[in-house]
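Here is my input; please provide its structure:
(2 chains)
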Amino acid sequence: TQLLEQSPQFLSIQEGENLTVYCNSSSVFSSLQWYRQEPGEGPVLLVTVVTGGEVKKLKRLTFQFGDARKDSSLHITAAQPGDTGLYLCAGYKETSGSRLTFGEGTQLTVNP
Amino acid sequence: NAGVTQTPKFRVLKTGQSMTLLCAQDMNHEYMYWYRQDPGMGLRLIHYSVGEGTTAKGEVPDGYNVSRLKKQNFLLGLESAAPSQTSVYFCASSWRNEMWLRVAKNIQYFGAGTRLSVL
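Numbers count the residues shown, from 1 in each chain, chains lettered A, B, ... in the order given. Down below sits the predicted model:
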């Protein structure tokens, strides 16, 4: 059973379009992280959200943590080909020690 | 400036062969992890370690063994490889410091991966 459900699984858009990726769970997390993975590389952390309702911005990327800390979203404004990659959300629970729970990932392709 | 280094980067095995994947980190992290990544399934935890000399099972441990003899190294072993173990394997590490656990919430640093094919 996947504790974190990401949607959509695949997304192909044109340069300049906006998009939103969702990460949903029935469980409450202490925090949620977003990673981006490029081909042939390991995931790299983009942001961590900790407080329910928190919004963080990273240039054209906006991350939001749900009020109940069960879900999160990643919104990209005016997508560029350099945004292409696999986006992974990962939830952390203090009761699970050092482990993270990863979503299945969203493969984003931005066409020029 | 290396971070987390995995060797080898690619490997092809025949069914029944054995091999060891090496992960080395130079950030003095206490925690280390081995994941496998398969299409549509995200990252699944195989085994992890919370310190030198300790290991624990993750979500999908069957068919794998690990050892953490030195703090900076975490080895993943396949004793008798099976086609179902064809995957991309990632090693990661993170701090243990309690302050960082509360503030950084277990940020993990990943290696570049090992692509393994078992024929």
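
Please state the backbone phi and psi of A:S96?
phi -100, psi 10 (degrees, to the nearest 10).

What is the burial count for it?
Neighbourhood size, A:S96 [other CB atoms under 10 Å in any protein chain shown]: 13. Bear in mind the C-beta positions are built from the backbone N, C-alpha and C, glycine included.

B:E59 versus that one, what's the distance?
Going from A:S96 to B:E59 by CB to CB, to the nearest Å gives 11 Å.

likewise A:D83?
29 Å.

Now tell me which helix or strand of chain A has the poorest mean pLDDT.
One helix or strand of chain A scores below all others by mean pLDDT, DSSP states H and E: strand A:100-102, with a mean of 91.

who touches it?
A:3-4, A:29, A:33, A:88-93, B:35, B:42-44, B:106, B:108 (CB atoms under 8 Å, 6 or more residues apart in numbering or on different chains).

Quick check: PyMOL command selecting the buried ones in the residues you listed.
A single PyMOL command is used to select the members of the contacts of strand A:100-102 judged buried by 16 or more other CB atoms under 10 Å in any protein chain shown:
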select buried, (chain A and resi 4+29+33+88+89+90+91+92+93) or (chain B and resi 35+42+43+44+106+108)
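
Please flag which of the contacts of strand A:100-102 sit within helices.
Among those, none falls in helices (DSSP state H).

quick one: A:R99 and B:Y48 touch, right?
Yes: contact status for A:R99 versus B:Y48: in contact at 6.7 Å, counting by CB atoms under 8 Å.

Break down the chain into its strands, ranges please.
In the absence of a named chain, chain A is used. A:5-7, A:10-14, A:19-24, A:31-37, A:44-49, A:55-58, A:61-65, A:71-76, A:85-92, A:100-102, A:106-111 (DSSP state E).

actually it's chain B I care about, not the one you picked
B:4-7, B:10-13, B:19-25, B:31-37, B:43-49, B:56-57, B:65-67, B:73-78, B:87-94, B:109-110, B:114-118.

mind listing what the first one pairs with, with the direction of each?
Same thing as strand B:4-7. strand B:19-25 (antiparallel) (DSSP bridges).
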